[in-house]
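>>> Here is my input; please provide its structure:
(chains A, B, C and D)
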4 protein chains.
Amino acid sequence: MRKIVADLHAELVRYNLVAWTAGNVSGRVPGADLFVIKPSGVSYDELTPENMVVCDLDGTLVEGEHAPSSDTAAHAYVYRNMPEVGGVVHTHSTYASAWAARGEAIPCVLTAMADEFGGEIPVGPFALIGDDSIGQGIVETLKGHRSPAVLMQNHGVFTIGKDPKAAVKAAVMCEDVARTVHVARQLGTPLPIAQDDIDRLYDRYQNVYGQRSPR
Amino acid sequence: MRKIVADLHAELVRYNLVAWTAGNVSGRVPGADLFVIKPSGVSYDELTPENMVVCDLDGTLVEGEHAPSSDTAAHAYVYRNMPEVGGVVHTHSTYASAWAARGEAIPCVLTAMADEFGGEIPVGPFALIGDDSIGQGIVETLKGHRSPAVLMQNHGVFTIGKDPKAAVKAAVMCEDVARTVHVARQLGTPLPIAQDDIDRLYDRYQNVYGQRSPR
Amino acid sequence: MRKIVADLHAELVRYNLVAWTAGNVSGRVPGADLFVIKPSGVSYDELTPENMVVCDLDGTLVEGEHAPSSDTAAHAYVYRNMPEVGGVVHTHSTYASAWAARGEAIPCVLTAMADEFGGEIPVGPFALIGDDSIGQGIVETLKGHRSPAVLMQNHGVFTIGKDPKAAVKAAVMCEDVARTVHVARQLGTPLPIAQDDIDRLYDRYQNVYGQRSPR
Amino acid sequence: MRKIVADLHAELVRYNLVAWTAGNVSGRVPGADLFVIKPSGVSYDELTPENMVVCDLDGTLVEGEHAPSSDTAAHAYVYRNMPEVGGVVHTHSTYASAWAARGEAIPCVLTAMADEFGGEIPVGPFALIGDDSIGQGIVETLKGHRSPAVLMQNHGVFTIGKDPKAAVKAAVMCEDVARTVHVARQLGTPLPIAQDDIDRLYDRYQNVYGQRSPR
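Have a look, this model is predicted:
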């Protein structure tokens, strides 16, 4: 899990989702009340399986020589309150953060959004770092929502997944659709997709896509 | 053909036309009712000639260990109905998809568009994945049209070519002109090009350009 | 000169000024009525000193196995009519081409523009490929103008320099300022720079900057 | 210090803050009235510890075979007048320069801005190169301001830090937030962050973040 989480940060860099050290991936340790997360303030080039840190579900450092990411409390809150979640990602990716700065959900006007997010990408509350406020905002927004991504107001994006790779994919796709819908809106109003069609697309993508079953 | 198709996916990555695994190239096998296409849900880094899959013109898997791309039915429909087509590409590239989200054709206001597309890049219908709807929309829009690219409403781009490389070139150029015309439109109205001039440019480019004949 | 011209194309790629094979560099052969230019329709990865082609000042192929760039006539016209020019570059770079599509000069609102271009970047006429129209438009616009770059209407950019490297630098800086001024204009009106200040900046940069004299 | 300064220029390239040779990093030599700076007009690929130049605090060349950056006088003025500054960076990065072209401060509407800049990023005066005007404008704007970055009108960005790496980080983050706030503003008005919350975020980030103390 240390290696998986360390390596996945390269995807954040590859897709230009992060600048300097802002942005982090974590992954729940299977079968234990622990998760692996990026150390705080360490650059992406220097991440290795060895310098990743391990925390318990209260966000307390259990193993590692570095301090955990300053976003650790938010990750921990998600793992404590959403047992189905195995990976969490946080970024300040440009287009998603721009929607977040306006406190505006991204409307579902692309079939790829219907596939991956099942509708709009919602906005969570403004919350200060330092206690459970951010974690609460994430969980309250995403519980019972199809979207694995939430735009935290004036802040950035948190995404969840069954494992860290799924959460990274959601972060990549969130920025991709945030940018495309932004660009579409710059010159007019994107055409809506009917709710029935969104439902059909979401259902199909979640159940059929990928290598689950050759056809 | 497996190697050609596998390698051409690197161009989609190089030109930032694709995020994660969204986007695929296929190529008709010369002299057979078969085409090679990307496997579904496999990342671009992991594509090899060996893991590409072969389908017949109904889109049924003929050879390969992975499931074919979820867009296989659309590719197959194009090969069945446009015998002159030897390559098909699908992407959700940002600027082209933004025009598609508004259901708006890209007007021909650049000489490079006149060269490559012979006029505007047209919009195809909204269509759900799962049957022949997307393929029909592509073929109905592109049959008898100069453009090798169609913007499928709320979805993305499909391009065609005499071979996979030509279809990839059309996908690259489609995003390039979609972006430039978008940027031009952000601050005003691009100047039109007279139809006669578009015709002359298209005719010249299709018949003279490249290494066909030294002059 | 073959090597210089071949290598400089890598700068067009590095700065994202070109897509596929659109865009070319040429350089006058010192002491001869000849210039080296990119072969037509060959990808940037495949350019070598050996496959560059040599033309006379009428644009006629003198040496080389490939056909010269389809823009050769325009380059040749510039070399014939501007003896001080030692390098020419042509691109369809996005932001510069967007200004060109609107037929709008880029106003001088950045000190870097005053330095490099000495004022606005002007627009040249709409001209069809195939005869001397493009070359004439370039020369008529740039003769007696400080700017080494011209935005050819609905087309793209041509830049000139004392040698090919200077022309490439002008192409890179042209796109850079085209983008910055575009972005500035998106949210309001950039502040003008007084003509006196533009003159002072231009004079200083042309005469002092770089490694000409240590101070 | 020569090596540190030479290497840090790679970060300007990596984050696309610079085109051609525009942009430079300098670092104060600890315990001496000297600083190391980029040589003028040398490309980023060719920078080595050996070809960096050393100047005194009047900006006079003390050591080195090349002329110092044409922005040396501005760096020198900052070192003379802000003894706490150990590093200075100058760029023409696109989005920050666009705000600078309009003479508009970047409003603090992102928590990451509150963290790093403690409020808005201010605008400094229009100033010509050649004397101490630019240096004076930087120092007058940044003295007593939380922001380590200033947008010099119609010009670009200068950032300061306790060492060159901190100044480079400020330059990277300045462009990042300049872009995100620009994008946010394109489609509406970003939500403000209360001054109290900005103060709390700034205080926490400056005192807690990073590897200073494991918690």
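
>>> Mind jotting down where the helices sit in chain A?
A:2-14, A:72-81, A:94-102, A:111-117, A:133-142, A:164-186, A:195-208 (DSSP state H).

>>> near chain B at all, the third one?
No - for helix A:94-102, no contact with chain B is found by C-beta under 8 Å from any C-beta of the partner chain; the gap never falls below 9.7 Å. In this view, the C-beta of every residue, glycine as well, is placed from N, C-alpha and C.

>>> Next, the angle from that helix to helix A:164-186.
70 degrees (axes from the mean of the first three to the mean of the last three C-alpha atoms, to 10 degrees).

>>> Now do helix A:94-102: which elements does it pack against?
Counting contacts by 3 or more C-beta pairs under 8 Å, 6 or more residues apart in numbering or on different chains; DSSP states H and E, helix A:94-102 is packed against strand A:149-152, strand A:156-161, helix A:164-186, helix D:164-186.

>>> highest average neighbour count across the helices of chain A?
Mean neighbour count (mean count of other C-beta atoms under 10 Å in any protein chain shown) peaks for helix A:94-102 among these, with a mean of 27.

>>> Report the mean per-residue pLDDT for that one.
Averaged across helix A:94-102, pLDDT comes to 98.

>>> closest one to chain C among the helices and strands packed on helix A:94-102?
Closest approach to chain C among these (C-beta to the nearest C-beta): helix D:164-186, 5.7 Å.

>>> and the angle from that closest one to helix D:72-81?
Using the same axes, to 10 degrees, helix D:164-186 lies at 110 degrees relative to helix D:72-81.

>>> same question for helix D:164-186, mean pLDDT?
98.

>>> again with stretch A:72-87
98.

>>> Can you list the neighbours in contact with that stretch?
Residues outside stretch A:72-87 that contact it (C-beta atoms under 8 Å, 6 or more residues apart in numbering or on different chains) are A:24-28, A:30, A:35, A:37, A:55-59, A:69, A:88, A:90, A:129-132, A:134-136, A:138-139, A:142-143, A:158, A:160-168.

>>> how about the CA coordinates for that stretch, as CSV?
Extracted in CSV, the C-alpha atoms of stretch A:72-87 (Å, rounded to 0.1, in the frame of the first residue of the first chain):
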residue,chain,number,x,y,z
THR,A,72,-4.6,14.1,7.2
ALA,A,73,-7.5,14.9,9.5
ALA,A,74,-9.9,15.2,6.5
HIS,A,75,-8.7,11.9,5.1
ALA,A,76,-9.1,10.2,8.5
TYR,A,77,-12.6,11.5,9.0
VAL,A,78,-13.6,10.1,5.6
TYR,A,79,-12.2,6.6,6.5
ARG,A,80,-13.9,6.6,9.9
ASN,A,81,-17.3,7.5,8.5
MET,A,82,-17.3,5.8,5.1
PRO,A,83,-16.2,2.3,5.6
GLU,A,84,-16.7,1.5,1.9
VAL,A,85,-14.0,4.0,0.9
GLY,A,86,-10.5,2.6,0.4
GLY,A,87,-8.8,5.7,-1.1
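
>>> Report the central residue of chain A.
Centroid-nearest residue in chain A: residue A:159, 1.7 Å away (criterion: C-alpha atoms, centre = their mean).

>>> So that residue sits against residue A:165, correct?
No - the pair residue A:159 / residue A:165 is not scored as a contact, 11.3 Å apart, by C-beta atoms under 8 Å.

>>> Where does pLDDT dip in chain A?
A:208-215 (pLDDT under 70).

>>> For chain D, what is the nearest residue in it?
residue A:41 (3.4 Å).

>>> near chain D, which residues of chain A?
So chain A meets chain D at A:19-20, A:22, A:39-42, A:61, A:66-68, A:70, A:92, A:94-95, A:97-99, A:101-104, A:126, A:128-130, A:153-156, A:182, A:185-186 (C-beta under 8 Å from any C-beta).

>>> how close does the closest residue to residue A:151 other than its chain neighbours get to chain C?
With C-beta to C-beta, 6 or more residues apart in numbering or on different chains as the criterion, residue A:151 has its nearest non-adjacent residue at 3.9 Å, and that residue is residue A:100. Distance from residue A:100 to chain C, counting by C-beta to the nearest C-beta, to the nearest Å: 19 Å.

>>> Tell me which residues touch residue A:100, please.
By C-beta under 8 Å, 6+ apart, the contact list for residue A:100 reads A:123, A:151, A:152, A:153, A:154, A:155, A:156, A:157.

>>> right, and out of those residues, which lies closest to chain B?
residue A:157 (14.5 Å).

>>> The closest one and residue A:98 touch, don't they?
No - the criterion here is C-beta under 8 Å, and residue A:157 misses it with residue A:98 at 10.9 Å.

>>> To what extent is residue A:61 buried, counted in neighbours?
The tally of other residues near residue A:61 (other C-beta atoms under 10 Å in any protein chain shown) stands at 18.

>>> and it, bridged to which residues?
residue A:55 (DSSP bridges).

>>> That one contacts residue A:55, doesn't it?
Yes - between residue A:61 and residue A:55 a contact is recorded at 5.8 Å, counting by C-beta under 8 Å.

>>> Now the common contact residues for the two.
Shared contacts of residue A:61 and residue A:55, defined by C-beta under 8 Å, 6+ apart, are found at residue A:68.

>>> re the thing from before, so can I have JSON lines of the helices and strands packed on helix A:94-102 showing distance to residue B:78?
As requested, those are arranged in JSON lines below (distance: least, C-beta to C-beta, whole Å):
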{"stretch": "strand A:149-152", "distance to residue B:78": "33"}
{"stretch": "strand A:156-161", "distance to residue B:78": "34"}
{"stretch": "helix A:164-186", "distance to residue B:78": "24"}
{"stretch": "helix D:164-186", "distance to residue B:78": "36"}
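
>>> And these: which comes nearest residue D:205?
helix D:164-186 (11.2 Å; C-beta to C-beta).

>>> Is the closest one in proximity to chain C?
Yes - contact of helix D:164-186 with chain C (C-beta under 8 Å from any C-beta) involves D:182, D:185, D:186.

>>> Stretch A:10-20 too?
No - Stretch A:10-20 stays clear of chain C (C-beta under 8 Å from any C-beta), getting no nearer than 13.3 Å.

>>> measure that stretch end to end?
Taking C-alpha to C-alpha, to the nearest Å, the first and last residues of stretch A:10-20 lie 13 Å apart.

>>> again with stretch A:78-88
8 Å.

>>> Check the offset of that stretch from the chain's centre.
Remark: stretch A:78-88 is offset 12 Å from the chain centroid, using C-alpha atoms, centre = their mean, to the nearest Å.

>>> Also stretch A:192-203?
22 Å.

>>> Residues in contact with that stretch: which ones?
A:107-111, A:114-115, A:118-119, A:146, B:126, B:128-130, B:154.

>>> Mind checking which of those are buried?
Neighbour counting with 16 or more other C-beta atoms under 10 Å in any protein chain shown marks A:107-111, A:114-115, A:118-119, A:146, B:126, B:128-129, B:154 as buried within these.

>>> Could I get the CA-only coordinates of stretch A:184-198 as CSV?
Extracted in CSV, the C-alpha atoms of stretch A:184-198 (Å, rounded to 0.1, in the frame of the first residue of the first chain):
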residue,chain,number,x,y,z
ALA,A,184,-18.3,25.0,-23.1
ARG,A,185,-19.9,27.6,-20.9
GLN,A,186,-17.5,30.4,-22.0
LEU,A,187,-19.3,30.7,-25.3
GLY,A,188,-22.8,29.8,-24.5
THR,A,189,-25.0,27.3,-22.6
PRO,A,190,-24.3,23.6,-22.9
LEU,A,191,-27.2,21.5,-23.9
PRO,A,192,-28.7,19.5,-21.0
ILE,A,193,-28.8,15.7,-20.9
ALA,A,194,-32.1,14.2,-19.8
GLN,A,195,-32.1,12.7,-16.3
ASP,A,196,-33.2,9.3,-17.8
ASP,A,197,-30.2,9.3,-20.1
ILE,A,198,-27.9,10.2,-17.3
